[in-house]
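[1] Next one to model:
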Amino acid sequence: MVAASQRIPEQKRVTISSKRQFTIPQKFYSELGFGRDAICTMADGMLIIEPASHISGGEFAENILADLIADGYSGQELLTKFKERQAKVRPAVEVLLEKARDAAHGKGEYATYDEIFGTED
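    Coordinates of the predicted model:
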């Protein structure tokens, strides 16, 4: 039996047009939740294409609202503060991703596993 982490990734061959365009296979498009935008990342000789919605900040909406309500905001003021905070999520995530890429390539500051979690001693 093959463990889930050892499964061979599903692949589809696509044709790239003279304008450098290709169509994401429907199954991939639907299952991964693509919308109008995608994030392209080049790493280790590969092009990684992800739905932009994965880092849209929407994942944090409930937490943002809960914090604002706990802070006593309501009505129009709540909506205004929510929009302000939500607009800060994507740039913050992009900074974290860039730092993670740098660390993965041995650049910038990073911490080792043992520095974060300690040793079993």
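
[2] Let me see the ranges of the strands in this protein.
    Per DSSP state E, the chain carries strands over the ranges 38-43, 46-51.

[3] Which elements pack onto the lengthiest helix in the chain?
    Counting by DSSP state H, the longest helix found in the chain is helix 75-104. The criterion is 3 or more C-beta pairs under 8 Å, 6 or more residues apart in numbering; DSSP states H and E, and the helices and strands that helix 75-104 contacts are strand 38-43, helix 61-70. Quick note: C-beta positions are derived from backbone N, CA and C, even for glycine.

[4] go with 6 Å
    With contacts taken as 3 or more C-beta pairs under 6 Å, 6 or more residues apart in numbering; DSSP states H and E, helix 75-104 sits against helix 61-70.

[5] Buried residues of the helix it packs on, list them for me.
    For helix 61-70, the neighbour count (16 or more other C-beta atoms under 10 Å) marks Ile64, Leu65, Leu68 as buried.

[6] The first one contacts Glu84, doesn't it?
    Spelled out, it's Ile64. No. Using C-beta atoms under 6 Å as the test, Ile64 is too far from Glu84 to be in contact (9.6 Å).

[7] just to revisit the earlier point, okay, the strands of the chain in CSV with mean neighbour count and mean pLDDT next?
    What follows is the strands of the chain, written out as CSV (neighbours: other C-beta atoms under 10 Å; pLDDT from 0 to 100):
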stretch, mean neighbour count, mean pLDDT
strand 38-43, 12, 87
strand 46-51, 12, 89
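
[8] what's the closest of those strands to Ile116?
    With C-beta to C-beta as the criterion, Ile116 lies closest to strand 38-43 of the strands of the chain, at 22.6 Å.
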